[in-house]
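1. Here is the input, now give the coordinates:
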Amino acid sequence: MSIRLRLTVWYSVLLSFTLLLFGITIYTFVEYYTYTDIKSRIENQVKQLKVRPIIDLQNGFDFDVPRSDVQRLEDAELYIQIINFRNQTQRMSPNLSKLGSELGLNIPMPQKASQIQEGYRKVEVNGREFLVYESAIMLGDQVEDTFGAFQVFAFTGREALFTKGLRSILFIASMVTIVLAFSLGLFLAQKSLRPIENIIRATDRIQKGADLSVRIPREGPPDDEIGQITDRINSMLGRMETFYNELDEAYRAQRRFVSDASHELRTPLTTIRGNVDLLQKMWMQQQDPNQMSQSERELMSLEALRDIAGESQRMSHLVNDLLSLARADAGYAMSKVLVELKPMVEEVVRRAQFLPRKAEWELGNIEVLEDLYVYGNKDYLQQMLFIFIENAFKYTSEGKVRLTAARQENQIGLKVDDTGIGMNEKEVPYIFERFYRADVSRGVTSGTGLGLAIAKWIIDEHRGSVEVVTKPGEGTSFIVWLPLATVDGSEDYPV
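-> Next up, the predicted model:
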């Protein structure tokens, strides 16, 4: 059973119980006050009633009611009859005699003292209802002194018809109300639960089509509980969509990474295998006088070994870069301490002059680094600087590469600029992606395409940022901004 139908049934059952209780209460009160009025009328007449003993020549001792009392009872539309237990004679008022002869009514009378029912009771005779007051006629205080009984009663057919009609009206009204309430309750429940149906339809669309961009339309007032649930689910769907997109992007990046890595590794492996095959052919086969001389074989072998060494070194760099990126993907938390900037940069400057290069290596003004600290990892910071410097040397065949420093509020900037080939500004958003290399250098300058991705990871781990300024044919500038730290290790160096 659906929630909508269940709520409607509960509501209808509760309403039915309420209407039943209300109907019983109304009917009881109406019936009580209706018959209380008749009882009061009978009681007033009984108080004035005088039953007097008489001596009848035929029946002996008997009872009678004065004519005035009988007339008063008839005027009040009441009936009276008296029974004598001694001689079993029965007297009744003229109106009762007339009613009995016309309608064949016979109100039952007690035949002995033990059958007397003191008080009021309802009696139905031939389909007609009467309210009867019955009392004993006693000449003393003992039961043995009971000589007879009298009954005063009123016809209650109109009242019975009224109460019966009231009962029918209450029943029909209750049934109609319950049916209307059930229909209205079903409609209201459907309207109230419509947001839940929207939730179900939205989740079905998501399940069938995997479309996490679907949102559930919000209905109702701001503080509505179902509306709040809708907001929570929409918020959850938003987070799921973000997570799914990130996961999908990571999966695509992983596939691209594996594809590019296999491609990058296949090239040096192919070169190494080709050179090894060449060496095997030259030195394991018997020497043919018509082929190359000993000196030529030694020269070719030396060139092959140089190729193997170069490709091996390239593979070593690639594997090291892959290891660094694997650590980044695994959430590797590098150890950090206070790092004094000037000695660290001076060490990088000294070691950079021994890197393979054709351009001039120049050190700019780094005096601003005096007594400044960052909270980070010295080895990774130096690796990041070497990546930018090596890139500058690779793409600057002539001209110069320079390292300078600048301070801006609570940050320190380390700038590496060159006068090399530069790149198109459209390439800038992609240069920090793994294995991405600008078209102008692809196939011309060797490299793994992982250096800038590693540098970006190091910068992010140090809560820094990087700016790139480039122009084709004029060179490129990388500015790395790092937050300064105080000697106690906290960031946001006070100015």
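
2. what's the top helix by length along the chain packed up against?
-> For the chain, the helix reaching the highest residue count under DSSP state H is reported as helix 225-284. Here helix 225-284 touches helix 194-209, helix 294-329, going by 3 or more Cβ pairs under 8 Å, 6 or more residues apart in numbering; DSSP states H and E. Placement of C-beta: from N, CA and C, glycine included.

3. Any buried residues in the first one, and which?
-> Meaning helix 194-209. Residues P195, N198, I199, A202, I206 are the ones in helix 194-209 that count as buried (16 or more other Cβ atoms under 10 Å).

4. So the last one is in contact with L237, correct?
-> Just to be clear, that refers to I206. Yes. With contacts counted by Cβ atoms under 8 Å, I206 reaches L237, the gap being 7.5 Å.

5. just the strands in the stretch 101-250 of the chain please.
-> Read by DSSP state E, counting those that start in this stretch, the stretch 101-250 of the chain holds these strands, from start to end of the chain: 119-125, 128-138, 146-155.

6. Return the list of strands paired to the helix or strand that contains I80, each annotated with direction.
-> Taking DSSP states H and E as the definition, I80 sits inside strand 78-84. Using DSSP bridges, strand 78-84 pairs in its sheet with strand 89-92 (antiparallel), strand 146-155 (antiparallel).

7. Quick check: which of the ones you listed is buried the most?
-> Each of the strands paired with strand 78-84 was assessed for mean neighbour count using mean count of other Cβ atoms under 10 Å. The highest is strand 146-155, with a mean of 22.

8. any idea how the chain splits into domains?
-> Domains of the chain are assigned by automatic domain parsing as 3-164, 214-331, 333-495.

9. Which among those is found nearest to A181?
-> With respect to A181, and counting by Cβ to Cβ, the nearest of the domains of the chain is domain 3-164 at 5.0 Å.

10. count of neighbours near the residue lying closest to Y35 once chain neighbours are set aside?
-> Spatial nearest neighbour of Y35, chain neighbours left out: L131 (6.4 Å); criterion: Cβ to Cβ, 6 or more residues apart in numbering. Under the neighbour criterion other Cβ atoms under 10 Å, L131 is assigned a count of 21.

11. what do you get for R72?
-> Neighbourhood size, R72 [other Cβ under 10 Å]: 15.

12. With E409 instead?
-> Applying the criterion other Cβ under 10 Å, we find 10 residues in the vicinity of E409.

13. Show the backbone phi and psi for it.
-> The phi and psi values for E409, taken as degrees, to the nearest 10, are phi 50, psi -120.

14. got it, and the one 5 residues further on?
-> With angles defined as degrees, to the nearest 10, L414 shows backbone torsions of phi -110, psi 120.

15. which secondary structure element contains the nearest residue to E370 once chain neighbours are set aside?
-> Using Cβ to Cβ, 6+ apart and skipping residues adjacent in sequence, the residue nearest E370 is K342, 5.7 Å away. With secondary structure defined by DSSP H and E, K342 is part of helix 341-352.

16. And for K415?
-> When elements are assigned from DSSP H and E, K415 belongs to strand 411-418.

17. Which neighbouring elements make contact with that strand?
-> Using 3+ Cβ pairs under 8 Å, 6+ apart, the elements in contact with strand 411-418 are helix 378-394, strand 400-408, strand 475-485.

18. average pLDDT across that strand?
-> Looking at strand 411-418 alone, the average pLDDT works out to 95.

19. next one: stretch 321-332
-> Within the predicted structure, the mean pLDDT of stretch 321-332 is 71.

20. Same question for stretch 106-126.
-> For stretch 106-126, the per-residue pLDDT values average out at 79.

21. quick one: buried residues of it?
-> Along stretch 106-126, these residues count as buried under the neighbour rule (16+ other Cβ under 10 Å): I107, M109, P110, A113, I116, Y120.

22. now, among the residues you listed, which is nearest to T404?
-> The shortest separation between T404 and any of those is 117.6 Å, and it belongs to Y120 (by Cβ to Cβ).

23. Quick check, that closest one in contact with S135.
-> No. Look at Y120 against S135 with Cβ under 8 Å: they stay out of range, at 10.4 Å.

24. quick revisit: neighbouring contacts of whichever helix or strand comes after the helix holding K342?
-> From helix 341-352 onward toward the C-terminus, using DSSP H and E, the following helix or strand is strand 360-363. By Cβ atoms under 8 Å, 6 or more residues apart in numbering, the residues outside strand 360-363 that reach it are V349, A352, Q353, G399, K400, V401, R402, L403.

25. Would you mind putting the residues you listed into TSV with pLDDT alongside?
-> Shown next, in TSV, are those (pLDDT from 0 to 100):
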residue	pLDDT
V349	93
A352	90
Q353	88
G399	90
K400	94
V401	94
R402	95
L403	95
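
26. Of the residues you listed, which is the most crowded?
-> V401 (25 neighbours).

27. which ones are touching that residue?
-> 357, 359-362, 389, 392-393, 416-420 are the contacts of V401 under Cβ under 8 Å, 6+ apart.

28. make it 6 Å
-> Contact partners of V401, counting by Cβ atoms under 6 Å, 6 or more residues apart in numbering, are A359, W361, A392, D418.

29. Look up how far T25 lies from it.
-> Distance check for V401 against T25: by Cβ to Cβ, to the nearest Å, it reads 100 Å.

30. thinking again about what came up before, I'd like to know the average pLDDT value across the longest helix of the chain.
-> Mean predicted lDDT for helix 225-284 stands at 78.

31. and if you look at stretch 165-172?
-> Averaging pLDDT along stretch 165-172 gives 88.

32. Alpha carbons of that stretch, as PDB, please.
-> Extracted in PDB, the C-alpha atoms of stretch 165-172 (Å, rounded to 0.1, in the frame of the first residue of the first chain):
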ATOM      1  CA  GLY A 165     -34.900  10.100  11.400                       C
ATOM      2  CA  LEU A 166     -32.100  11.800  13.300                       C
ATOM      3  CA  ARG A 167     -30.200   8.500  13.400                       C
ATOM      4  CA  SER A 168     -30.600   8.000   9.700                       C
ATOM      5  CA  ILE A 169     -29.500  11.600   9.000                       C
ATOM      6  CA  LEU A 170     -26.400  11.300  11.100                       C
ATOM      7  CA  PHE A 171     -25.500   8.000   9.500                       C
ATOM      8  CA  ILE A 172     -26.000   9.200   5.900                       C
END
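
33. Give the buried residues for that stretch.
-> For stretch 165-172, using 16+ other Cβ under 10 Å, the buried residues are L166, R167, L170.

34. Filter those down to just the ones in helices.
-> L166, R167, L170.

35. SS state for the residue nearest to the last one when sequence neighbours are not counted?
-> Okay, so that is L170. In space, L170 comes closest to G23 once its chain neighbours are excluded; the distance is 4.1 Å by Cβ to Cβ, 6+ apart. At G23, secondary structure determined by DSSP: H, G, I helix; E, B strand; the rest coil is helix.

36. please renumber so the chain begins at 401
-> Shifting the count to begin at 401 puts that one at G423.

37. just how off-centre is stretch 859-878 within its chain?
-> Offset of stretch 859-878 from its chain centre (Cα atoms, centre = their mean, to the nearest Å): 44 Å.

38. first to last residue in that stretch, what's the distance?
-> Counting by Cα to Cα, to the nearest Å, you get 12 Å between the two ends of stretch 859-878.

39. Over it, what's the mean pLDDT, rounded is fine.
-> Averaged across stretch 859-878, pLDDT comes to 93.

40. same deal with stretch 594-606?
-> Summarised as a single mean, pLDDT over stretch 594-606 is 77.
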